[in-house]
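**Student:** Sharing a model prediction with you, sequence too.
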Amino acid sequence: MSFVSFSDLRTAAYCPRKLYYRRRDDDREPPEEVERVRDLAYRYDDVLEASNAALSAEPIAVSPASYRDRLERTRTRLERTGRWESIRDPVARDRLVTGRHCRGIVHKVLADPLEPSVVSPGRPPERGVWEPHTVQAVAAAKALAWEHETAVETAVLEYPAYGVIRRIELTTRRKALYRRTLRTVRALDGPPARVRNRSKCESCAYASDCGVTTRTLRSLLGLE
Ligand code: SF4
């Protein structure tokens, strides 16, 4: 059986139909801006020392003062749990990892304990992490565990544009979500049903292919 990629899992956890379109269009390269934001996650020390003017030129999503404040609080919290050093200086970066079922790039491999870090270019939720990132993190943790023949029970999610870093445990619920998504990806054949949560469609690049009328389109058509 072929390996499922982490990015396919993440997309399917957002919307299986979106994965169908991405595969159809072979649309897999991340935009350049994504790499710029991800790069911030490897320069936290520099970013914390940067002036407001220098920070303004970085791809951050909040004001320089708020950003520094958030990142400093994040650093203090992670120093207390002994994880800051591993996150700022991981043992490996952008490593291709192959597990029993899935394969993909682990943005950072952290040691003692072994765990993956997923670096997202986007916005974090108010609390916790988004479901697609949960699924990606579980897949990355399982693949690392498979390669190293050891248990991996936690993962880190970084949102560098916002100076936010969160750590999650691989709970039974999160592992079940991963398994459900894996089954969905493997069963993908024709276009699946549209998602019920239509707020997801607002930021979806396939809204017009999909035949979904988003708020942006409704306003362009003068329907609201
Ligand atoms: S527009 Fe909505 S239903 Fe259609 S692919 Fe995108 S997220 Fe899924």
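**Tutor:** Cool, the structure landed.
**Student:** In this protein, mark out all the helices, start to finish.
**Tutor:** 6-14, 16-25, 32-40, 44-49, 52-56, 64-80, 84-88, 131-148, 172-187, 207-210, 215-220 (DSSP state H).
**Student:** Which of those helices comes out lowest on mean pLDDT?
**Tutor:** Set side by side, the helices of the chain give their lowest mean pLDDT on helix 215-220, at a mean of 61.
**Student:** which parts of stretch 164-182 are buried?
**Tutor:** V164, I165, R166, R167, I168, L170, R174, L177, Y178, T181, L182 (16 or more other C-beta atoms under 10 Å). (C-beta placed from N, C-alpha, C; glycine too.)
**Student:** For it, C-alpha coordinates in PDB please.
**Tutor:** The C-alpha coordinates for stretch 164-182 follow below in PDB (Å, rounded to 0.1, in the frame of the first residue of the first chain):
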ATOM      1  CA  VAL A 164       2.700  31.300  19.300                       C
ATOM      2  CA  ILE A 165       4.000  27.800  20.100                       C
ATOM      3  CA  ARG A 166       1.800  25.000  21.500                       C
ATOM      4  CA  ARG A 167       2.500  21.500  22.700                       C
ATOM      5  CA  ILE A 168      -0.100  18.800  22.400                       C
ATOM      6  CA  GLU A 169      -0.400  15.200  23.800                       C
ATOM      7  CA  LEU A 170      -1.400  12.500  21.400                       C
ATOM      8  CA  THR A 171      -4.600  11.600  23.100                       C
ATOM      9  CA  THR A 172      -7.000   8.800  22.100                       C
ATOM     10  CA  ARG A 173      -9.300  11.300  20.500                       C
ATOM     11  CA  ARG A 174      -6.500  12.900  18.400                       C
ATOM     12  CA  LYS A 175      -5.200   9.500  17.300                       C
ATOM     13  CA  ALA A 176      -8.800   8.500  16.300                       C
ATOM     14  CA  LEU A 177      -9.100  11.700  14.300                       C
ATOM     15  CA  TYR A 178      -5.800  10.800  12.500                       C
ATOM     16  CA  ARG A 179      -7.000   7.200  11.700                       C
ATOM     17  CA  ARG A 180     -10.400   8.500  10.400                       C
ATOM     18  CA  THR A 181      -8.600  11.000   8.100                       C
ATOM     19  CA  LEU A 182      -6.200   8.300   6.900                       C
END
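**Student:** How far does that stretch sit from its chain's centre?
**Tutor:** Stretch 164-182 has its C-alpha centroid displaced from the chain centroid by 12 Å (C-alpha atoms, centre = their mean, to the nearest Å).
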